[in-house]
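**Q** how would this look folded up:
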Amino acid sequence: MDVVGARRIVVLHDLHVPHAPIRRLARHLPTDQVLHLDAGSARAPVPPMRLRAALIAAPAARIVLTRFASPAPDRDDDFVIQCVLPIAHPIPRVVADMQGRLRRSGQEATSLAAAMADGRLGTYGGYPRANFQVGFLLGAHQDGVREQPEALAARLASAGVRFGLVDVPATLTLAIHDAFALAGIAPPPPAPESDLDLPARLEAARDSLGRAIFDHLCRKNREDLLMFDAVVELLCADRTVLPKSLRDAVTTSSDAAARLTGHRRSGGALGRTRPATPSAQTVGAARAPASERPASDAADFHRSAEDVGDAGASAKMHVADPVLGWRLAPGHVGNMTSGWGADVALRIDEDGCRTVPGQPGSAPATLALYGCSCVFGWWLPAEDTMAALLQARLGAGWRVENHGVGGYGQTQAVLQLTRDLRFSRSSVVGFGWIDGHLARNVTAIGLVQRQAELAIRRRGSSIVSMPRAVLSEANRIEIRQVGINRPDLLGLDLTDFAPDPALLDVVCATLMRRAAALVRAQGGDFFVLVQMGRPSAALLRMLAADGIPVLDAAVEGAAWMIGEANPHPNAAANKRYADVVEAHVRTLGRHVAETIS
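**A** Numbering: from 1, shown residues only. Coordinates of the predicted model:
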């Protein structure tokens with residue numbers, strides 16, 4: 001589908017006029033580019049086809065300001081539509097609606113509790129005053145809904161809807177900025193704003209309404225409360241959406257609010273436990289096609305170079321590289337923030353490798369480990385990494401080197417190895433393998449989309465290209481550079497262009513064959529270490545035919561990961577890797593075994 005010439009549109013859904021800053025923001029937008037779509041109502045939203053018809057009738061419009069249009073991101077030859085949807089905590093929204101009704105009737109001095117008790121505020125037991133957001137989004141204008149709020153939020157996010165929280169305006173500002181950037185529209189200047197104290201507003205509402213009415217409103221708005229929770233989880237699950245300080249503030253505020261409403265407690269006001277954390281992969285405008293994604297959820301975490309930049313470590317940890325795309329910055333000293341909130345010291349040596357405790361300056365034999373963040377030891381102290389454990393076990397007769405770099409596949413590992421062997425030789429070289437490497441080796445289109453999205457979210461990126469392995473007519477590997485500054489690819493469903501799995505296996509095996517040949521030419525030994533996922537039978541047969549040992553140390557499941565939100569191998573997994581590699585090294589030929597202490 002060709003959308004290069006399509007009009008890129010941002011739709012701002014102003015659902016919460018009394019609270020959200022969208023209407024105020026619109027005053028700073030170029031009037032000739034703004035289409036005000038005032039049709040529809042809470043009970044009868046504007047359908048997507050009517051929105052498209054309005055855009056066709058207004059060819060200069062780039063921004064749509066609407067209140068009651070169904071959020072429907074769309075991508076075709078004519079339009080690429082980005083939707084920004086503000087989500088409000090339902091209790092302050094309902095209270096603001098009550099206060100507005102009293103003010104408009106000249107009764108603002110009347111207490112909310114008294115107005116509720118004598119019926120002046122009518123009923124608040126049904127839509128649109130209860131579960132307004134979920135009901136509006138589903139078109140189910142009743143207390144019972146057809147789709148659980150968690151699933152609804154995940155479905156909208158995976159379709160490309162960008163959420164912001166009305167009660168934390170900074171999140172809405174970021175969502176608007178990202179949507180404008182993706183659409184190629186200069187964002188408006190940020191308006192001065194202060195984040196609202198949600199728990200304090202809830203306490204004030206409880207005091208003005210009385211506990212009985214407050215609990216009644218919480219029960220009647222159970223679906224909207226769960227929707228609010230689900231959006232908070234989505235926003236905080238992906239580290240690239242919000243900065244850490246804002247993620248922490250949002251989580252703290254929503255947790256405090258939930259203690260007041262009681263809806264997460266089993267048997268509480270709503271009789272429902274807190275929803276499970278949605279996957280971070282549902283956030284964003286596009287996911288890689290299924291055949292480009294690793295088979296396991298754990299490996300999916302490593303699907304691209306998303307470790308590069310501010311993902312838990314200083315951005316100076318990586319520098320751009322014209323061949324590799326990026327590499328570790330020699331001499332960098334900093335820290336990573338671990339999955340449990342502690343800082344993990346990080347040091348890169350002068351050769352651009354993560355330091356290995358106890359590593360001698362030189363030794364009779366060298367074991368060089370190449371791979372991605374699973375070899376690097378993402379979020380692990382240096383002493384818990386596979387490389388450090390092997391250094392301690394093999395002793396001073398060995399120098400163990402950690403060449404792992406987050407986001408790498410075998411293509412970059414082969415390029416690394418080629419560079420390194422110009423200046424030194426290794427007795428033994430091991431390549432780590434996870435199933436996510438298959439797509440990385442060919443820089444699958446989903447990874448290009450992911451990098452383009454990350455560049456926009458991070459307000460730019462120094463990475464301009466990634467290496468792509470291709471097969472020549474002679475069935476030899478050629479490595480080409482692929483530009484990744486491709487915002488025109490964002491939001492497209494390119495599933496039909498996903499690489500064939502059999503081709504991915506052939507490319508991977510050919511890269512391994514080249515690495516083995518490089519090492520063997522200098523008298524060394526080469527092996528492959530399976531860390532996560534399972535190679536196909538075809539790939540294993542090709543490696544066996546080339547005499548390449550494949551060490552199976554694969555781990556899966558929560559017991560082997562740092563945490564649910566950070567599925568990188570933990571210390572126990574690294575110990576397993578070290579056990580398997582050590583056993584293999586000790587079975588190698590005499591030229592290596594004699595150096596083992």
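**Q** Helix, strand or coil: sort out residue 9 for me.
**A** Using DSSP: H, G, I helix; E, B strand; the rest coil, the structure places residue 9 in strand.
**Q** And for it, nearest residue in space, chain neighbours not counted?
**A** Counting by CB to CB, 6 or more residues apart in numbering, residue 81 is the residue found nearest to residue 9 once chain neighbours are left out, at 4.7 Å. Where you see a C-beta, it was placed from the backbone N, CA and C, and this is true even at glycine.
**Q** if I look at the one you found, how far off is residue 134?
**A** From residue 81 over to residue 134 the distance is 22 Å, taken as CB to CB, to the nearest Å.
**Q** Same question for residue 186.
**A** As judged by CB to CB, residue 186 and residue 134 stand 34 Å apart.
**Q** of those two, who's got more company?
**A** Using other CB atoms under 10 Å, the more surrounded residue of residue 186 and residue 134 is residue 134, with 26 against 9.
**Q** ok, and for the strand or helix carrying residue 416, which residues are buried?
**A** Taking DSSP states H and E as the criterion, residue 416 maps to helix 410-420. Across helix 410-420, burial judged by 16 or more other CB atoms under 10 Å covers 410-417, 420.
**Q** Repeat that for stretch 539-546.
**A** Neighbour counts over stretch 539-546 (16+ other CB under 10 Å) mark 539-540, 542-543 as buried.
**Q** can you pull the pLDDT of residue 217?
**A** pLDDT, residue 217: 89.
**Q** On the three-state scheme, it is what?
**A** helix.
**Q** From residue 130, how far out is it?
**A** Taken as CB to CB, the span from residue 217 to residue 130 is 8 Å.
**Q** tell me, what's touching the two both at once?
**A** Counting by CB atoms under 8 Å, 6 or more residues apart in numbering, the common neighbours of residue 217 and residue 130 are 90, 94, 124.
**Q** quick check, the last one in a strand?
**A** No. Per three-state DSSP, residue 124 lies outside any strand segment and is coil.
**Q** wait, doesn't it sit right on residue 94?
**A** Yes. With contact defined as CB atoms under 8 Å, residue 124 and residue 94 form a contacting pair (6.4 Å).
**Q** Settle it for me: which of the two has more neighbours?
**A** residue 94 (23 against 16).
**Q** what sits up against the strand or helix carrying that one?
**A** If you go by DSSP H and E, residue 94 is part of helix 90-104. Helix 90-104 has contacts (CB under 8 Å, 6+ apart) with 16, 18-19, 108, 110, 112, 115-116, 120-121, 124, 129-133, 166-167, 198, 201-202, 205, 208-209, 214, 217-218, 221, 224-225, 228, 261.
**Q** what about burial for those residues, which qualify?
**A** Using 16+ other CB under 10 Å, the buried ones in the contacts of helix 90-104 are 16, 19, 112, 115-116, 121, 124, 129-133, 166-167, 198, 201-202, 205, 209, 214, 217-218, 221, 224-225, 228, 261.
**Q** Make sure residue 468 is indeed in a strand.
**A** Yes. Assignment of residue 468 by three-state DSSP places it within a strand.
**Q** Checking the closest residue to residue 258 other than its chain neighbours next. Helix, strand or coil?
**A** Excluding the flanking residues, the one nearest residue 258 by CB to CB, 6+ apart is residue 264, at 4.7 Å. Classification of residue 264 using three-state DSSP returns coil.
**Q** For residue 264, the count of nearby residues, please.
**A** Neighbour count of residue 264, defined by other CB under 10 Å: 20.
**Q** and if you look at residue 253?
**A** Using other CB under 10 Å, residue 253 has 21 neighbouring residues.
**Q** dump the residue contacts of it.
**A** With CB under 8 Å, 6+ apart, residue 253 has these contacts: 167-168, 197-199.
**Q** Now the phi/psi pair for it, please.
**A** Main-chain torsions, residue 253, degrees, to the nearest 10: phi -70, psi -40.
**Q** pretty sure residue 377 is touching residue 383, no?
**A** No. Checked against CB under 8 Å, the pair residue 377 and residue 383 is beyond contact range at 9.6 Å.
**Q** For those two, indicate the residue with more neighbours.
**A** Counted by other CB under 10 Å, residue 377 and residue 383 do not tie: residue 377 has more neighbours, with 27 against 15.
**Q** What strand or helix carries residue 517?
**A** Element membership for residue 517 (DSSP H and E) is helix 501-521.
**Q** helix or strand right after that helix?
**A** Where DSSP H and E defines the elements, the next helix or strand beyond helix 501-521 is strand 525-532.
**Q** Mind listing the strands that next one pairs with, and their directions?
**A** Paired neighbours of strand 525-532 in the sheet (DSSP bridges): strand 428-434 (parallel), strand 550-552 (parallel).
**Q** Let me have these in JSON lines, extended by mean neighbour count, mean pLDDT and distance to residue 159.
**A** Putting the strands paired with strand 525-532 into JSON lines (neighbours: other CB atoms under 10 Å; pLDDT from 0 to 100; distance: least, CB to CB, whole Å) gives the following:
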{"stretch": "strand 428-434", "mean neighbour count": "27", "mean pLDDT": "97", "distance to residue 159": "28"}
{"stretch": "strand 550-552", "mean neighbour count": "15", "mean pLDDT": "97", "distance to residue 159": "39"}
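**Q** now stretch 455-463: mean pLDDT?
**A** Averaging pLDDT along stretch 455-463 yields 67.
**Q** Show me what secondary structure element comes after the helix or strand bottoming out on mean pLDDT in the chain.
**A** Least confident helix or strand, the chain: helix 297-300 with a mean of 30, by mean pLDDT, DSSP states H and E. Helices and strands here follow DSSP H and E; after helix 297-300, the next one along the chain is strand 318-321.
**Q** Give me the pLDDT for the residue in the chain sticking out farthest from the centre.
**A** With distances taken as CA atoms, centre = their mean, the residue sitting farthest from the centre of the chain turns out to be residue 118, at 49.6 Å. The model reports residue 118 with a pLDDT of 72.
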